[in-house]
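Trainee: sequence first, then the predicted structure, then my questions.
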Amino acid sequence: MTCTVKAGLAIALVLVMGALGAVAFVGSGVYNIGADDHHTKIVLALIEQLRDRSIATRARDIEVPPLEDTSKIVAGARHYASLCASCHLAPGMTKSDIRPGLYPHPPSLAQEGVLDERTAFWIVKHGIKMSAMPAWGKSLDDAAIWDIVAFLRQLPIMSPDTYQELTKPPAAPQNTRGLIWSPPSTPTPAVRIDAPRSATPVVPVTGLPGLISLRTSQGLRAARFS
Ligand code: HEC
């Protein structure tokens, strides 16, 4: 037997032993999958590599549309307040009931920002398996997801006041003449209504747009698993 064949056999043996060990480890049930316990270093390293490489490979060819439009940022802010803030917090919001029990921990996007627009779009659309991050593409179209990304770029430098302004519910129609306001479908032809034409009021936005803050470091952060 030549040296090369011997080395080949030794490597094959090590691989088989490793595979058998992995099967025995999984089968034993010794690993704690509970969300109130941390991953071991080796499992953590594997998951992070898998996640980062998978996302980078899928996100790199996404075309980013213009995201500076204030109306997109406002629309994104409203989605964020209702769908995301409970996990990812917001300016002026420092805790939520669901956050302490989530593992991996959802990053505080208001403080840390997002890596880049492509990655953010991909993650929001497709979610991340075995984490609590949902695939919002199941309920939102791409345009709505880009609105959210337009908002995410602004988030880390946004003041609590601006966030409140952007996300406050549309104002109820005002009746300035002492008349009782009725919805347009109700036949009240004699009453003139000074109600806004659209249900969405024009929101005066301060400090927007142009103030963009994206993370510059490479790779998704690891701290959320610690
Ligand atoms: C139920 C909790 C939950 C909700 C709701 C949620 N997320 Fe997440 N999100 C997570 C978790 C947990 C992670 C971390 C996943 C991981 O790294 O494995 C995450 C990761 C992310 C990331 C990647 C952050 C980074 O750069 O590392 C982005 C971006 C993101 N979420 C955006 C959103 C947006 C936008 C919404 C709302 C449309 C949302 N998430 C709703 C739990 C949530």
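Mentor: Received the coordinates, thanks.
Trainee: list the backbone torsions phi and psi for the residue lying closest to residue 135 once chain neighbours are set aside.
Mentor: What sits nearest to residue 135 in space, not counting adjacent residues and going by C-beta to C-beta, 6 or more residues apart in numbering, is residue 127, at 3.4 Å. Where C-beta positions appear, they are placed from N, C-alpha and C, glycine not excepted. Residue 127 adopts backbone torsions of phi 70, psi -180, taken as degrees, to the nearest 10.
Trainee: contacts only, for residue 127.
Mentor: Residue 127 is in contact with 133, 134, 135, 136, 137, counting by C-beta atoms under 8 Å, 6 or more residues apart in numbering.
Trainee: buried subset of those residues?
Mentor: Buried subset of these (neighbour count, 16 or more other C-beta atoms under 10 Å): 133, 136, 137.
Trainee: can you confirm residue 22 is in a helix?
Mentor: Yes. Counting by DSSP: H, G, I helix; E, B strand; the rest coil, residue 22 is located in a helix.
Trainee: tell me the SS of residue 66?
Mentor: Residue 66 ends up coil, using three-state DSSP.
Trainee: tell me which element the residue positioned nearest the centre of the chain falls in.
Mentor: Nearest to the mean C-alpha position of the chain, by C-alpha atoms, centre = their mean, lies residue 124 at 5.0 Å. Under the criterion of DSSP states H and E, residue 124 resides in helix 117-126.
Trainee: tell me what that helix is packed against?
Mentor: helix 41-59, helix 142-154 (3 or more C-beta pairs under 8 Å, 6 or more residues apart in numbering; DSSP states H and E).
Trainee: and that helix, C-alpha only, in PDB?
Mentor: The C-alpha atoms that make up helix 117-126 are tabulated as PDB, following Å, rounded to 0.1, in the frame of the first residue of the first chain:
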ATOM      1  CA  GLU A 117     -30.300  47.700   1.500                       C
ATOM      2  CA  ARG A 118     -30.100  44.400  -0.400                       C
ATOM      3  CA  THR A 119     -29.500  42.300   2.700                       C
ATOM      4  CA  ALA A 120     -32.300  44.100   4.600                       C
ATOM      5  CA  PHE A 121     -34.700  43.600   1.700                       C
ATOM      6  CA  TRP A 122     -33.900  39.900   1.400                       C
ATOM      7  CA  ILE A 123     -34.100  39.300   5.200                       C
ATOM      8  CA  VAL A 124     -37.400  41.100   5.500                       C
ATOM      9  CA  LYS A 125     -38.900  39.300   2.500                       C
ATOM     10  CA  HIS A 126     -37.700  35.800   3.200                       C
END
